[in-house]
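Asker: Predicted model follows, preceded by the sequence.
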Protein chains: 2
Amino acid sequence: MTVLILTCEQDVTADMVVAQLHRRGAPLVRFDPGDLPGEGALSAEYVRGEFRGYLSTGGRVVSMDGLRSIWVRRPGEPAAHAPEPSPWLSAETGQALYGMLDCTAARWMNERGAAARARLKPWQLRTAHHSGFPVPATVVTTYPRVAQQFADQYRHVVVKAVSGRPPGDPPMALPTTLVPSDADFSEVAAGPTLLQRYIAKSADIRLTAVGEELFAARKTAEPGQVDGRFGDTGHTWKPVEPPARVRRAVARYMELARLAYGAFDFAEDAEGTWWFLECNQGGQFGFIELETEQPIADAVAGWLAAPGETG
Amino acid sequence: MTVLILTCEQDVTADMVVAQLHRRGAPLVRFDPGDLPGEGALSAEYVRGEFRGYLSTGGRVVSMDGLRSIWVRRPGEPAAHAPEPSPWLSAETGQALYGMLDCTAARWMNERGAAARARLKPWQLRTAHHSGFPVPATVVTTYPRVAQQFADQYRHVVVKAVSGRPPGDPPMALPTTLVPSDADFSEVAAGPTLLQRYIAKSADIRLTAVGEELFAARKTAEPGQVDGRFGDTGHTWKPVEPPARVRRAVARYMELARLAYGAFDFAEDAEGTWWFLECNQGGQFGFIELETEQPIADAVAGWLAAPGETG
């Protein structure tokens, strides 16, 4: 049984997992949907109820009934490398590929429908609350008046992108930013704006959930620091044991969201409470593993290579 | 409790349902995501576990906890009518809107994740077989050799678009076409191609499923006719009673696909067997209702306005 990794060529995180799969002797195929058709080829037959499909790349052929699991890591746009790429060819190719993969019994990390919903930040906040996490007060609005009232009420608020990061290649960085007390909110009418109560934090927490395995890491924050992803503070990520309450909430969140993998960001306040900021279903883990030596890539490999039903 | 209809301005099918909702006295709001922000505005607060959201358009405000159901009819691209539209603004606006709507208890016709999967034609064929429909032998391939073998084996085969219809406005028509016996399949390598055994049909069948209500219509086919959607044959759609076996298969398909609405296309052969061709989760029904007088718009309105859990 084979593990299928959907990703583009340059992907250090995938390399780490591939190394662990090799160590375990687990067969794998790495495939970039951008190489289809061309480097890659596929065929699927639906005859008298029988479904037989296969995918070929670099001279290797993988049968659809031999697929154990599918890791949607960072797949390229289907047909992106075709001689004459077009939105229509990408649509046709994507339908053929994902339509075929959806016919298999393979387990997904993560299932595509669940992943799409889990990207919606408003949905994350609601689900986090239902899972038992403390969540900072948040508003998403196109009303300047509502934004102003929210800022007046909570005094210290931050503004974030609703949809994660701006599209484009290379992606533009858009750090979470503290809103100045004299901010003019009239521009809120031009695009939905997400404001969140600022949590004065003593540390950033990154918790990576792989099936039922959790890896939490903590990085001390400088006083007044807002977005832990940017700027060098001299502090490093160190492993930390998640409280039992957090463990339960993570398990509940993963179940509600139907995710096999999730990267949670928390702000730890002076009382030691972990405030839910977001859960990125496709979040990186390489930088955490490098600093903490937590075996996250191996856990991903283990989940992908496991024989039965998991996560 | 309010029905929310997500659609763009010119939509005769939505007009038919709106008329039926008015007749029933069911409150509704018609909203085009393209009008957000601008004509439309939204606000959602997530405070101490409470979620309060509202959407406003044309001076009307609808509260998220007052939403009964959401009909995803033909929504415009979020922020399409903004003064400075951009992919980034569309992404932000779409996340804010659908993230808020996904936090409500409203019933969806159809739920967005289910709709995305139900559009995959290979997945449709497999699911149709599992539901108990006869499905014509089909291949989706990028191998010219496989396409040639399939054509040789079945003699009469048709070629179709994998992904429905080409994108673009106005959309290009791409009728299902009979493959000539001397066809050259070398171009198959340039894009995934769907070939299907041709069913010599005596009629086209369109079955519209609205929750548990089914409306089937039959249109006599001319000998050798391939795609019933194009060309005027002088025949019209007439109501027909679906066989019990088809009823059961439709119910099973709708359940497996988690759909509240689906438009099924069948080819009826000389023996009277209905062969599954496809199920369009967003298929039109206006043209059927006009010719058959089947009350489909009223059934949609009834589903949307129903108080409890349905379909």
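Answerer: Looks like it arrived, so ask away.
Asker: you'd agree residue A:134 is in a strand?
Answerer: No: checked against DSSP: H, G, I helix; E, B strand; the rest coil, residue A:134 lies outside a strand; its state is coil.
Asker: Tell me how many other residues surround it.
Answerer: 18 (other C-beta atoms under 10 Å in any protein chain shown). All C-beta atoms are positioned from the backbone trio N, CA, C, and that covers glycine.
Asker: excluding its backbone neighbours, what's nearest it?
Answerer: Spatial nearest neighbour of residue A:134, excluding adjacent residues (C-beta to C-beta, 6 or more residues apart in numbering or on different chains): residue A:275 at 5.3 Å.
Asker: what's the helix or strand where that neighbour lies in contact with?
Answerer: Residue A:275 belongs to strand A:274-280 when assigned by DSSP states H and E. Contacts to strand A:274-280, defined as C-beta atoms under 8 Å, 6 or more residues apart in numbering or on different chains, come from residues A:118, A:121, A:124-125, A:128, A:133-136, A:164, A:199, A:201, A:205, A:242-243, A:246, A:253, A:257, A:259, A:262-269.
Asker: Can you list the strands that it pairs with?
Answerer: strand A:261-269 (antiparallel) (DSSP bridges).
Asker: Name the residue of the stretch 201-311 of chain A with the shortest distance to chain B.
Answerer: residue A:258 (9.5 Å; C-beta to the nearest C-beta).
Asker: Surely that residue and residue A:112 touch.
Answerer: No: counting by C-beta atoms under 8 Å, residue A:258 stays clear of residue A:112, with 10.8 Å between them.
Asker: buried subset of the contacts of strand A:274-280?
Answerer: A:118, A:121, A:124-125, A:128, A:133-136, A:164, A:199, A:201, A:205, A:242, A:246, A:253, A:257, A:259, A:262-269 (16 or more other C-beta atoms under 10 Å in any protein chain shown).
Asker: ok, now how distant is the residue of the stretch 201-311 of chain A closest to chain B from residue A:13?
Answerer: Shown here: residue A:258 relative to residue A:13, a distance of 22 Å by C-beta to C-beta, to the nearest Å.
Asker: So these two - more neighbours on which side?
Answerer: More crowded of residue A:258 and residue A:13, by other C-beta under 10 Å: residue A:13, with 19 against 16.
Asker: Identify the residues contacting the residue lying closest to the more buried one once chain neighbours are set aside.
Answerer: Leaving aside its chain neighbours, residue A:13 sits nearest to residue A:286 (4.7 Å; criterion: C-beta to C-beta, 6+ apart). Contact analysis of residue A:286 by C-beta under 8 Å, 6+ apart lists A:12-13, A:16, A:297.
Asker: With residue A:7 instead?
Answerer: Contacts of residue A:7 (C-beta under 8 Å, 6+ apart): A:14, A:30-32, A:71, A:73-75.
Asker: try it again with 7 Å
Answerer: A:14, A:30, A:32, A:73-75 (C-beta atoms under 7 Å, 6 or more residues apart in numbering or on different chains).
Asker: what does residue A:55 give?
Answerer: Contacts of residue A:55 by C-beta under 7 Å, 6+ apart are A:31, A:40, A:42, A:62.
Asker: Turn those into a markdown table, columns for distance to residue B:235 and secondary structure.
Answerer: Formatted as a markdown table, the contacts of residue A:55 follow (distance: C-beta to C-beta, whole Å; DSSP: H, G, I helix; E, B strand; the rest coil):
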| residue | distance to residue B:235 | secondary structure |
| --- | --- | --- |
| A:31 | 47 | strand |
| A:40 | 44 | strand |
| A:42 | 39 | strand |
| A:62 | 47 | strand |
